[in-house]
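Asks: structure, please.
(2 chains)
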Amino acid sequence: MPENIRVRFAPSPTGPLHMGGVRTALYNYLFAKKNGGKMILRIEDTDQTRFVPGAEQYIMESLAWCGIQFDEGVVEGGSFGPYRQSERKSIYAAYSDQLIQSGNAYYAFDTAGELEELRKQAEADKKTFIYNAETRKTLRNSLNMTEDEVQNHLATGTPYVVRFLIPENTSISMNDLIRGTVTVKSETLDDKVLFKSDGMPTYHLANIVDDHLMKISHVIRGEEWLPSLPLHVLLYEAFGWDKPQFAHLPLLLKPDGNGKLSKRDGDRLGFPVFPLQWKDPKNDEISSGYRENGYYPEAFVNMLALLGWNPGSDQELFSMNELIEAFSLDRVGKSGSKFDPEKTKWFNHQYLMRQADEALAQEWLKWLKAEKDLEPEKKIVVKIVSLVKERVNFVQELWDEAYFFFETPESYDEKVVKKRWKTDSPQQMEILASLLDNLEGFSADKIDEKIKNWIIENELSMGGIMNALRLLLVGAAKGPHLGDIMEVLGKAESIKRIRSGIKALSN
RNA sequence: GCUCCCAUCGUCUAGCCCGGUCAGGACGCCAGGUUUUCAUCCUGGUAACAGGGGUUCAAAUCCCCUUGGGAGUACCA
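Replies: Down below sits the predicted model:
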């Protein structure tokens, strides 16, 4: 392991950060923290045409929500800045020139239209047009021109790009930390554009130059970059620079069928694909986010960490610190992982149950105010939450399990009435009501004791009485222990519900 | 099409590098139990080495082929 571990997460601000991107950032972060290294955020905004306002801010907010922190970046600063490629524009031209000087790159004057035409032609012949050793000799580039011609074009402002000259007949061997050695023949590669006619570098040039300048030790990125690795390796060699180590992460796949996980899948299957809600500035279209859907960032991160990596043990629940402690690149798998929304809910359930009642109550209190305009006493809410929290995956689901603490039943589940409401029930419930009315100290224990004794003394069935009573108090066959429900409801409300229930069901 | 990558239960995966356990765990699903109800919970069950060929006393594990899947193939990242 090199002395100074430095990794970077380098997103393009072209839209909201996809959960696959979050995972890439997470693995970079875990790797850096585990090895005492630095985590850097670099914004790769070299394509002006795809810039989306708000995207950069979104990316930073998302990662902050996940608890992924940067040591250097556009807001953190650092001694290798600026960290936005658009602000590093002046840096790249010199490196492009250097490659031309050393004969590793050349000027190309072909227009986009000309190349498009060649591609179409090739396609018609069932071939693929490649700008390589075979074709470059016949195209409009500096390799086929005299020095004067080239200078003339440059002087008169003919638009040009700079292309990398792929060496002929060599084979390129690369080492990937996850996949081992990968070898390709140079003739399958094309002379990629390094520098665009708009004066901006392409990803390939900017990426290599910045990784070098920022002293990046490990490039941990998605597998979609594996096909460009040979180019990148060749670029490092052309510059005579030391290469960082590479690790290409397997892709996140859609839950059903095949293919890369996309925004569409989330819409189609009903789960978020983005960490935070995103409003598309172009059409105001809203994409849901894990945060807004009630997920805990810890649960989201935990789930993501285990999608493609495993600790080699049976442990599934990890705090960020535990993840850092356990993480290693050699336990990252090679194959793509299908995302499972169900298991993600399970993770949230685990984290929700681990919340202190106090904290959960606080969250739910906000929800109750916002959604139901209710402002109950906190003490009561803490109690209710403790009774029902293990039944739900999300805070917003608490209501379904606890609404009857706030609302007197207005209707009674018919099936339950049929099954539990007998001819003796009205009379029995009335006795119970007066019994409870005379009870001193309306606690769950006292209530239970009183009812139990009465049932035993009168040789009644526990189930028969309790179920009928539950029907009156809740309106349905659900909910936690009855004694607890009545204690929360209080004596007056409990008795009121019993009596009004008797009346309602007698009709 | 071409190049590269990948391949264990429906899903996430352990095991593979250094061949020899009824191929283990989790989610889901199903059943039983606990419970005054529902849920939780507990117990059990379900279900996989893509196929074929080698090498070997022995292959999920090593090699080859086939098949399948994925990614890339832009003056996008």
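Asks: the helix or strand hosting A:Met174 and RNA strand B, are they touching?
Replies: Per DSSP states H and E: A:Met174 is located in strand A:171-176. No. Strand A:171-176 lies out of reach of RNA strand B by CB under 7 Å from any atom of the strand, never closer than 7.8 Å. To be clear about C-beta, it is placed using only N, CA and C from the backbone, and glycine gets the same treatment.
Asks: and that strand, what does it pack against?
Replies: strand A:180-185, helix A:229-239, strand A:245-249 (3 or more CB pairs under 8 Å, 6 or more residues apart in numbering; DSSP states H and E).
Asks: now those in CSV, with mean neighbour count?
Replies: As requested, the helices and strands packed on strand A:171-176 are arranged in CSV below (neighbours: other CB atoms under 10 Å):
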stretch, mean neighbour count
strand A:180-185, 12
helix A:229-239, 19
strand A:245-249, 21
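Asks: for A:Gln396, find the nearest of these.
Replies: Of all those, it is strand A:245-249 that lies closest to A:Gln396, at 32.7 Å by CB to CB.
Asks: which helix or strand lies directly C-terminal to that closest one?
Replies: Next along the chain from strand A:245-249, counting by DSSP H and E, comes strand A:252-253.
Asks: which strands and helices sit next to the helix or strand following that next one?
Replies: Downstream of strand A:252-253, the next assigned helix or strand under DSSP H and E is helix A:263-269. Helix A:263-269 is packed against strand A:286-287, with contacts defined by 3+ CB pairs under 8 Å, 6+ apart.
Asks: partner strands of the strand it packs on and their direction?
Replies: strand A:278-279 (antiparallel) (DSSP bridges).
Asks: what mean pLDDT does the partner strand get?
Replies: Averaged over strand A:278-279, pLDDT sits at 96.
Asks: over to stretch A:393-409?
Replies: Rounded mean pLDDT across stretch A:393-409 is 94.
Asks: quick one: A:Thr158 and A:Tyr107 touch, right?
Replies: No. Contact criterion CB atoms under 8 Å: A:Thr158 and A:Tyr107 do not qualify, at 9.2 Å.
Asks: RNA strand B contacts on the stretch 351-500 of chain A?
Replies: Counting by CB under 7 Å from any atom of the strand, the residues of the stretch 351-500 of chain A that sit close to RNA strand B are A:390-391, A:462-463, A:466-467, A:469-470, A:477-483.
Asks: buried subset of those?
Replies: Buried by 16 or more other CB atoms under 10 Å: A:Arg391, A:Met466, A:Asn467, A:Leu469, A:Arg470, A:Gly479, A:Pro480, A:Leu482, A:Gly483, out of these.
Asks: tell me the one among those residues nearest to A:Asp71.
Replies: Checking those against A:Asp71 by CB to CB gives A:Arg391 as the nearest, at 41.8 Å.
Asks: dump the residue contacts of the residue in the stretch 301-450 of chain A that RNA strand B sits nearest to.
Replies: Per CB to the nearest atom of the strand, A:Ser335 is where the stretch 301-450 of chain A lies closest to RNA strand B, at 3.0 Å. Shown in contact with A:Ser335 (CB atoms under 8 Å, 6 or more residues apart in numbering): A:Pro250.
Asks: now it, what are its backbone angles?
Replies: Dihedral angles of A:Ser335 (phi, psi; degrees, to the nearest 10) stand at phi -100, psi 160.
Asks: neighbour-wise, which of A:Thr158 and A:Tyr107 wins?
Replies: Neighbours per residue (other CB atoms under 10 Å) separate A:Thr158 from A:Tyr107, with A:Tyr107 holding more: 20 against 14.
Asks: phi, psi of that one?
Replies: Dihedral angles for A:Tyr107 - degrees, to the nearest 10 - are phi -80, psi 140.
Asks: what is the neighbour count of the residue lying closest to it once chain neighbours are set aside?
Replies: For A:Tyr107, ignoring the flanking residues on the chain, the nearest one in space by CB to CB, 6 or more residues apart in numbering is A:Ser142 at 4.0 Å. By the criterion of other CB under 10 Å, A:Ser142 has 21 neighbours.
Asks: swap in A:Ile456?
Replies: A:Ile456: 10 neighbours (other CB under 10 Å).
Asks: quick check, pLDDT for it.
Replies: For A:Ile456, the predicted pLDDT is 88.
Asks: please apply the same query to the one 10 residues further on.
Replies: pLDDT, A:Met466: 92.
Asks: let me know the secondary structure of it.
Replies: Under DSSP: H, G, I helix; E, B strand; the rest coil, the three-state class of A:Met466 is helix.
Asks: do I have it right that A:Leu252 meets A:Met19?
Replies: Yes. When contacts are counted by CB under 8 Å, A:Leu252 is listed as touching A:Met19 (6.8 Å).
Asks: quick one on the thing from earlier: give the contact list for the residue nearest to A:Tyr107.
Replies: Counting by CB under 8 Å, 6+ apart, A:Ser142 has contacts A:Tyr106, A:Tyr107, A:Ala108, A:Val150.
Asks: please apply the same query to A:Ser288.
Replies: Applying CB under 8 Å, 6+ apart to A:Ser288 gives the contacts A:Gly266, A:Pro272, A:Phe274, A:Gln277.
Asks: what's the closest of the helices and strands packed on strand A:171-176 to RNA strand B?
Replies: Nearest of the helices and strands packed on strand A:171-176 (CB to the nearest atom of the strand): strand A:180-185, 4.3 Å.
Asks: the closest one pairs with which strands, and in what direction?
Replies: strand A:171-176 (antiparallel).
Asks: buried ones in the strand it pairs with?
Replies: Buried-residue list, strand A:171-176, by 16+ other CB under 10 Å: A:Ile172, A:Met174, A:Asp176.
Asks: same question, stretch A:99-107
Replies: For stretch A:99-107, using 16+ other CB under 10 Å, the buried residues are A:Leu99, A:Ile100, A:Asn104, A:Ala105, A:Tyr106, A:Tyr107.
Asks: helix/strand/coil for the fifth one?
Replies: If I follow you right, that is A:Tyr106. strand.
Asks: which residue, other than its chain neighbours, is closest to it?
Replies: Closest to A:Tyr106 by CB to CB, 6+ apart is A:Ser142, at 4.6 Å.
Asks: now that neighbour: how far from A:Asp191?
Replies: 12 Å (CB to CB, to the nearest Å).
Asks: can you list residues touching both of the two?
Replies: Each of A:Ala108 lies in contact with both A:Ser142 and A:Asp191 under the rule CB under 8 Å, 6+ apart.
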